[in-house]
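1. from the sequence below, what's the structure:
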Amino acid sequence: GLGDVYKRQNITIMKKHYAVYHLYLVSFVCLLFISCSSPKVSYNEIKVAAPFPMEPIKECTFPEKDYSIADYGAIEGGKHINTEAISKAIEACNKAGGGRVVIPAGEWLTGPIHFKSNVNLHLEKDAVVRFTDNPEDYLPAVMTSWEGMECYNYSPLVYAFECENIAITGEGMLKPHMDLWKVWFKRPQPHMNALKELYTMASTDVPVEQRQMAQGENHLRPHLIHFNRCKNILLDSFMIRESPFWTIHMYMCDGGIARNLNVKAHGHNSDGIDLEMTRNFLIENCTFNQGDDAVVIKAGRNRDAWRLNTPTENIVIRNCIIQDGQTLLGVGSEISGGIRNIYMHDCTAPNSVHRLFFIKTNHRRGAFVENIYMENIKTGGTLRVFEIDTDVLYQWRDLVPTYEERITRIEGIHMNNITCESAKMIYEMRGDKKLPVKDIELKNIHVGCIADSVNRVENIENIITENITYDSIDTTLLKELDRYITNK
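-> The predicted structure follows:
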C-alpha cells in the first residue's frame with residue numbers, strides 16, 4: 001500500500017545519506033592518514049646561555065626529501081638564467097610539506113630566489129650560485145627596507161616574506177655578479193634625492209605601498225639576503241663572496257641561527273650580518289671579512305620604527321672571527337624600535353677593526369639601548385676599544401630636516417675581559433646632555449700600546465672602570481690607525 005511506498009522511499013534516502021556520510025568519513029580518514037604519515041618540519045630546541053632570560057631557539061630539521069633544481073629545468077654552466085627552474089623547485093617542495101631544494105655542484109646563474117615556508121635551500125659542495133646584476137631581473141619591486149625605512153625596492157637576491165621554517169645550508173657559495181652594483185656604489189645627486197624622498201615619506205606616514213623606489217636613477221641597491229617577518233630561520237655552513245648592499249639582513253624576524261658561515265664582502269655598505277627589529281637569534285662560529293661593520297644590531301629609523309614598535313632583543317653572538325671590518329659589534333645608528341639584551345662573547349678580530357664596540361645614535365632616533373654585554377674578546381689594532389656617540393648623522397645631517405627630536409636612552413652597558421694589541425685610545429663616550437648615558441661598566445681591559453692615554457667622557461653618569469691597563473704609549477707607532485677615522 002501507500003505506507004509501504006513511503007517506507008521504501010525513506011530507506012532509499014537513508015541509504016544515500018549513509019553512503020555520502022561513509023564517503024566523507026573515508027575521505028577524512030585518508031586525509032588524516034596522509035597528513036600524519038607525511039614528514040613535516042620538526043625542531044631541536046637550542047638552549048643558549050646569556051646574562052638575561054633567553055628562550056630556547058628552534059633549529060629546523062627538514063623532511064628527507066630532495067628537489068634538485070636540475071629536475072625542474074635548471075642548466076649548469078653560468079650562462080642560462082635559472083630563476084624559473086629554482087622557483088618551480090621551491091614551489092614543489094613547499095606544496096609537498098617541506099624538504100631540501102638542492103643546488104648541485106657547478107655554476108648556476110639566476111635572478112632573485114624567493115622562498116616559501118618549510119624550504120631548505122641546500123648548496124652542495126662546489127655549488128656556486130651566481131646572481132645576475134641586471135636590475136630589471138629584480139622587478140617587480142617587493143616590500144623591503146632601506147637603511148631602516150620600509151619601501152618597495154628591487155628584490156633582494158635571496159628574499160623571504162612572512163615565511164616560517166626556512167634555511168640555507170650546505171658548503172656551496174652565493175656569489176653575485178657585481179659590475180653594475182659597483183657603479184651604483186657611488187651616490188650622485190639623483191640617488192641622494194631618492195634618499196631624501198624616502199626619508200620624507202617615512203617621516204610623514206606615507207603608506208609603505210606608495211613608497212616605490214625601484215625606478216629611474218634612484219639606484220637603491222638590493223640586499224643579498226633579506227628575510228622579512230619570518231620565523232625559525234637556519235643559515236648554516238655556506239659561503240658568501242660579495243654583496244650589492246647589506247649582506248645578511250634579518251628584518252622583523254623571530255627565532256633563528258646563523259652558524260659556520262664564511263662571509264666576505266668589501267663593497268659599499270657591505271655589513272656582514274644585520275639584525276633589525278629581530279628577536280631570539282644566535283650567531284656562532286662564523287667568519288666575517290667586511291668592508292663595513294661585521295655584526296650589526298639595528299631597530300629601524302625614526303617614525304617608521306616608532307610605528308612598528310618592535311625592539312631587537314635576545315641576541316647572542318659567540319665564537320666568531322672578524323678578519324676585517326669597521327666594527328666588531330655595532331649598535332645603531334638605526335635604533336628607533338629599541339635594542340636590549342645583546343651578548344657577544346669569545347670572539348676574535350686578529351687584524352684591525354676601526355672600533356671594537358660602537359654604540360651610535362642621534363637626536364632623531366629616540367627609543368633605548370640597554371643590557372648590552374661584551375666579554376672575552378681578543379683583537380689586533382683599533383681606533384677605540386669602546387665608543388658611544390650620540391651625534392652620528394652621516395649624510396643625513398644636512399640632507400633632511402629633523403621632523404621630531406627624541407633622545408635615545410642608553411644604560412646598562414657591560415664590557416669585560418678584553419685584550420687588544422694596539423689602540424688609539426681605550427674609550428670615548430659622548431652622551432647627550434638632555435638625557436645622559438648611565439651605568440657603564442668596563443672591567444679587565446688590557447691594551448699593549450696606545451697612542452693617546454686620555455679617555456674622553458661627556459654626559460655620562462655612573463661609570464665603573466676596573467683593571468683597565470696598557471703597556472706603553474707611542475704617539476707615532478699607531479699613526480696608521482688615523483686612516484680609519486670616518487666622517488660623521
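
2. and the strands in the stretch 251-400 of the chain?
-> 254-259, 262-265, 273-276, 279-284, 287-290, 295-298, 312-318, 321-331, 339-360, 368-389 (DSSP state E, counting those that start in this stretch).

3. helices or strands next to the strand or helix carrying G448 in the packing?
-> Here G448 sits within strand 437-450, counting by DSSP states H and E. Other elements packing on strand 437-450 under the criterion 3 or more C-beta pairs under 8 Å, 6 or more residues apart in numbering; DSSP states H and E are strand 368-389, strand 409-430, strand 460-473. C-beta here means a position set from N, CA and C on the backbone, and glycine is covered the same way.

4. centre of the chain to it, how far?
-> In terms of C-alpha atoms, centre = their mean, to the nearest Å, the centre of strand 437-450 is set 28 Å apart from its chain centre.

5. distance check, I75 against A85.
-> According to C-beta to C-beta, to the nearest Å, I75 stands 8 Å off from A85.

6. of the two, who's got more company?
-> A85 (20 against 15; other C-beta atoms under 10 Å).

7. what's the helix or strand harbouring the more buried one in contact with?
-> Assigned by DSSP H and E, A85 falls within helix 83-95. For helix 83-95, the surrounding residues in contact (C-beta atoms under 8 Å, 6 or more residues apart in numbering) are 65, 67-69, 71-75, 99-101, 103, 110-119, 121, 137.

8. ChimeraX command to pick out the buried ones of those?
-> To isolate the buried subset of the contacts of helix 83-95 in ChimeraX, counting by 16 or more other C-beta atoms under 10 Å, use the following:
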select :67,68,69,72,74,99,100,101,103,110,111,112,113,114,115,116,117,118,119,121,137
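
9. okay, and which of the contacts of helix 83-95 map to helices?
-> Of the contacts of helix 83-95, none are assigned to helices by DSSP state H.

10. that older thread, for the helix holding A85, which positions count as buried?
-> For helix 83-95, by 16+ other C-beta under 10 Å, it's T83, A85, I86, S87, K88, A89, I90, E91, A92, C93, N94.

11. likewise stretch 399-415?
-> V400, R406, I407, T408, R409, I410, E411, G412, I413, H414, M415.

12. reformat those as JSON lines; add pLDDT and distance to A214.
-> Formatted as JSON lines, the buried residues of stretch 399-415 follow (pLDDT from 0 to 100; distance: C-beta to C-beta, whole Å):
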{"residue": "V400", "pLDDT": "92", "distance to A214": "21"}
{"residue": "R406", "pLDDT": "97", "distance to A214": "30"}
{"residue": "I407", "pLDDT": "98", "distance to A214": "35"}
{"residue": "T408", "pLDDT": "98", "distance to A214": "32"}
{"residue": "R409", "pLDDT": "98", "distance to A214": "36"}
{"residue": "I410", "pLDDT": "98", "distance to A214": "36"}
{"residue": "E411", "pLDDT": "98", "distance to A214": "40"}
{"residue": "G412", "pLDDT": "98", "distance to A214": "40"}
{"residue": "I413", "pLDDT": "98", "distance to A214": "39"}
{"residue": "H414", "pLDDT": "98", "distance to A214": "42"}
{"residue": "M415", "pLDDT": "98", "distance to A214": "41"}
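
13. what residue ranges in the stretch 351-488 of the chain are flagged as low confidence?
-> Counting by pLDDT under 70, the stretch 351-488 of the chain shows low-confidence ranges at 477-488.

14. rewinding a little: need the helices and strands packed on strand 437-450 in a markdown table with distance to L157, can you?
-> Converted to a markdown table, those look like this (distance: least, C-beta to C-beta, whole Å):
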| stretch | distance to L157 |
| --- | --- |
| strand 368-389 | 31 |
| strand 409-430 | 35 |
| strand 460-473 | 42 |
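
15. related to what we said a few turns ago, alpha carbons of the helix holding A85, as PDB, please.
-> Only the C-alpha atoms of helix 83-95 are listed here, as PDB (Å, rounded to 0.1, in the frame of the first residue of the first chain):
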ATOM      1  CA  THR A  83      65.200  31.800 -12.000                       C
ATOM      2  CA  GLU A  84      62.100  30.000 -13.100                       C
ATOM      3  CA  ALA A  85      63.500  26.500 -12.500                       C
ATOM      4  CA  ILE A  86      64.600  27.300  -9.000                       C
ATOM      5  CA  SER A  87      61.200  28.900  -8.300                       C
ATOM      6  CA  LYS A  88      59.400  25.700  -9.600                       C
ATOM      7  CA  ALA A  89      61.600  23.500  -7.300                       C
ATOM      8  CA  ILE A  90      60.800  25.700  -4.300                       C
ATOM      9  CA  GLU A  91      57.000  25.600  -5.100                       C
ATOM     10  CA  ALA A  92      57.000  21.800  -5.400                       C
ATOM     11  CA  CYS A  93      59.000  21.500  -2.100                       C
ATOM     12  CA  ASN A  94      56.600  23.800  -0.300                       C
ATOM     13  CA  LYS A  95      53.400  22.100  -1.600                       C
END
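
16. how much does the strand holding G448 deviate in direction from strand 409-430?
-> Going by axes from the mean of the first three to the mean of the last three C-alpha atoms, to 10 degrees, strand 437-450 is angled at 30 degrees with respect to strand 409-430.

17. report the buried residues of strand 437-450.
-> V437, K438, D439, I440, L442, I445, H446, V447, C449, I450.
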